[in-house]
Each structure stands twice: as structure tokens, then as C-alpha cells.
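Novice: Here's my sequence, what's the structure:
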Amino acid sequence: MDILVKKRIKQVLKGDKNAYGEIVEIYKDKVYQICYRMLGNSHEAEDIAQEAFIRAYMNINSFKQERKFSTWLYRIATNLCIDRLRKKKPDYYLDAEVAGTDGLTMYSQIAATEKTPDLEVEDLEVHETIQMAIFSLPEKYRSAIVLKYLEELSLIEISQILDLPLGTVKTRIHRGREALRKQLRNL
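Specialist: So this is what the prediction gives:
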């Protein structure tokens, strides 16, 4: 894919705007995922993802061809997310809690191989709890945790995206994990 992308970048540099559209198609889902996981809001994630592609297009001349385009693009998106997080106050949705019921339900009486609705709700609550814990991390730890564990990028890629030394990335991931553990233990 890198060869195709580099070819498209050369076409963009020659003025072919359609070639950039192909680049956007290749990376749009991944950029959106990074933004959503950092911001936790689909509308903001869409806005920032779009802004990242615009910035990349406007600055395509500064892209060094010997590097990976995806790393450069993810760095732009991550930096835009960090800027957005710094500008806004955290918003907590106190009404997001799902009220449970006491007693047995008919689903508890049925033997099934699929998850019962109450187990699905429980899994969803655990996922939401972890997501809220990630959102409450300081931005420097959150970005490292999102890129490592949710986007499954290598430490070297994270180092390039965040423009930090490898040792700093390792430290932030370690401290972010410790902060998450502490938060989740206190629940």
C-alpha cells in the first residue's frame, strides 16, 4: 500500500487533486478511529479527521517521501486531537448509567450459547467504564494509551506520531497503565 500511496502523493504534488481523494479513501477510517478514541465524540472525531486531511493536503510539500505517510498523517490527527482536548473542558455524562433490575428475568431461565442481554449490558458497562477511565487520563498518557492499545501501533510508530523519544513513549504508556489500574481499582 505504501508504494501506491507514494505514487499518489507524487501525483498530488503535480496538481492531481483526484489522487488525494484516493489517499483519503485509504486512510479515512483509521484516522477517524484514532480521533474518536481520543475524543470520545463522533461529531468531533469527524471534524478533526476532516481537518487532519485538509492539513495534510495543505502541507503535502513538507512530507518527506522516505518516511511512512500513515505515520505523518496520524501525527497530524493526534496533534489536532490533543489541541482540541486542551481547549475544551471535559464533559461527563452523569445520566449515562443504566439502571438495573432486581430479581430473575426470563432470560436467566434460558440456556443459550449466546450472551444473554444482561451479560451484554454488563460487557457494555465494563467497556464504557474503561473508556471513561481512558478519557479521564491526562492528555499525554491518553494519546500514548490510545495509540498503543486501541490502535495497536508499535512503539516506534507512536514515537514518530507523537514526536517523542522512544523512552518517553515507554514511560508514558507505563504511567498511563498505572493510572488506569489505580482508577479502575477505585471503582
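Novice: Pull the number of nearby residues for the residue nearest to residue 53 when sequence neighbours are not counted.
Specialist: Sequence neighbours aside, residue 24 is the residue nearest to residue 53 in space, at 5.4 Å (criterion: Cβ to Cβ, 6 or more residues apart in numbering). For the C-beta atoms, the positions are set from N, CA and C on the backbone; glycine is no exception. For residue 24, the tally of surrounding residues (other Cβ atoms under 10 Å) stands at 16.
Novice: thought residue 24 was touching residue 52?
Specialist: No. Under the criterion of Cβ atoms under 8 Å, residue 24 makes no contact with residue 52, lying 10.0 Å away.
Novice: In space, what's closest to the spatially most central residue of the chain - neighbours in sequence excluded?
Specialist: Centroid-nearest residue in the chain, with Cα atoms, centre = their mean: residue 34, separated by 2.6 Å. What sits nearest to residue 34 in space, not counting adjacent residues and going by Cβ to Cβ, 6+ apart, is residue 77, at 5.4 Å.
Novice: what's near enough to touch that neighbour?
Specialist: 31, 34, 35, 48, 49, 52 (Cβ atoms under 8 Å, 6 or more residues apart in numbering).
Novice: Make TSV from these and add pLDDT, secondary structure and distance to residue 124 to it.
Specialist: Formatted as TSV, those follow (pLDDT from 0 to 100; DSSP: H, G, I helix; E, B strand; the rest coil; distance: Cβ to Cβ, whole Å):
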residue	pLDDT	secondary structure	distance to residue 124
31	94	helix	26
34	92	helix	22
35	92	helix	22
48	95	helix	25
49	95	helix	25
52	95	helix	29
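Novice: how deep is residue 42 tucked in, by neighbour count?
Specialist: Neighbour count for residue 42, taken as other Cβ under 10 Å: 11.
Novice: Can you tell me the element the residue lying closest to it once chain neighbours are set aside falls in?
Specialist: Excluding the flanking residues, the one nearest residue 42 by Cβ to Cβ, 6+ apart is residue 36, at 6.2 Å. Element membership for residue 36, per DSSP states H and E: helix 17-39.
Novice: quick one: contacts of that helix?
Specialist: Contact with helix 17-39 is made by 1, 4-5, 8-9, 11-12, 42, 44-46, 48-49, 52-53, 57, 60, 69-70, 73-74, 77-78, 80-82, 84-85, 134, 142-143, 146-147, 150-151, as judged by Cβ under 8 Å, 6+ apart.
Novice: so where's the chain uncertain?
Specialist: Scanning the chain with the threshold set as pLDDT under 70 gives 1, 89-123.
Novice: 80 - rerun?
Specialist: 1-2, 88-127, 187 (pLDDT under 80).
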